[in-house]
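Enquirer: Quick one, structure for this:
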Amino acid sequence: VRSRRQRQMCIRDRTTGLAYLSPSLLSLILSAIVVAYLIFRKLKPNWILPMSVARRFGPLVGFVGGTLQGAAGISAPVSITFLNAIKLPRLTFIAVVSMFFVGMSVVQIPMLASYGILTLPMVSYGVIGTGLIFLGMPFGEWLMSKIPARQFDDVIQILLFLMVLSLIFKTCLLYTSPSP
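Expert: The predicted model follows:
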């Protein structure tokens, strides 16, 4: 069990990575891992990560997700891939993902503010984005009610693929953008 001081140092170190490390290489590595997982799932569509194995690797996945979030702001592909492999029921999956990101945000906000990354304009963008998310939630609920529970896994895999495309696209833009 980690002490409070050890947890604070761990959080600080991860957030320091966000301030000083380039996310490009991490994005490409993460993209390759998620693509490999998606290919594996297409080859073995009935495969499920056993809960006993998930419990053993859960802390490691949480640590990797937190480290990637702190270093590059990209934990979703790790956490969502892991939860998709467990094949949690739809409502459980949504609740776990929501709590993961709320927890991640609450912990990271003070560090981002102390590094000057989370400024008042960024907070206002976040508030606007959060408002748009809340406005879109009823539509998302309605849309998911039209999709059978057995197809939820496919929807999550499509979303993972779109995340990977977005990461690759953003990384390629960084390399092809002219330097100032």
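Enquirer: use CA for all of it now, contacts and neighbours both
Expert: OK.
Enquirer: How far off centre is stretch 115-133?
Expert: From the chain centre to the centre of stretch 115-133 is a distance of 18 Å (Cα atoms, centre = their mean, to the nearest Å).
Enquirer: Pull out the buried residues from that stretch.
Expert: Leu118 (16 or more other Cα atoms under 10 Å).
Enquirer: In terms of pLDDT, where does Ser79 sit?
Expert: We have a pLDDT of 90 for Ser79.
Enquirer: Distance check, Phe57 against Pro138.
Expert: The gap separating Phe57 from Pro138 is 34 Å, by Cα to Cα, to the nearest Å.
Enquirer: for the protein, what spans make up the strands?
Expert: Counting by DSSP state E, one finds no strands in the chain.
Enquirer: Need the residue closest to the centroid of it.
Expert: For the chain, Ala76 is the residue whose C-alpha lies nearest the centre (Cα atoms, centre = their mean; 1.2 Å).
Enquirer: In contact with that residue, which residues?
Expert: Listed by Cα atoms under 8 Å, 6 or more residues apart in numbering, the contact partners of Ala76 are Gly65.
Enquirer: Tell me the confidence at it?
Expert: At Ala76, the model reports a pLDDT of 87.
Enquirer: Equivalent analysis for Met99, please.
Expert: Looking at Met99, the pLDDT reads 88.
Enquirer: Count the residues that sit near Cys172.
Expert: When neighbours are counted by other Cα atoms under 10 Å, Cys172 registers 13.
Enquirer: Give me the distance between it and Leu25.
Expert: Applying Cα to Cα, the value for Cys172 to Leu25 is 11 Å.
Enquirer: Kindly report the same for Leu43.
Expert: In this view, Leu43 and Leu25 are 27 Å apart by Cα to Cα.
Enquirer: Same question for Phe100.
Expert: Going from Phe100 to Leu25 by Cα to Cα gives 24 Å.
Enquirer: Between those two, point out the one with more neighbours.
Expert: Per other Cα under 10 Å, whichever of Phe100 and Leu25 has more neighbours is Phe100, with 18 against 12.
Enquirer: how close does that one sit to Trp142?
Expert: 23 Å.
Enquirer: ok, now Asn46?
Expert: 27 Å.
Enquirer: for Thr67, same thing?
Expert: According to Cα to Cα, Thr67 stands 34 Å off from Trp142.
Enquirer: Looking at these two, which one has more neighbours?
Expert: More crowded of Thr67 and Trp142, by other Cα under 10 Å: Thr67, with 21 against 10.
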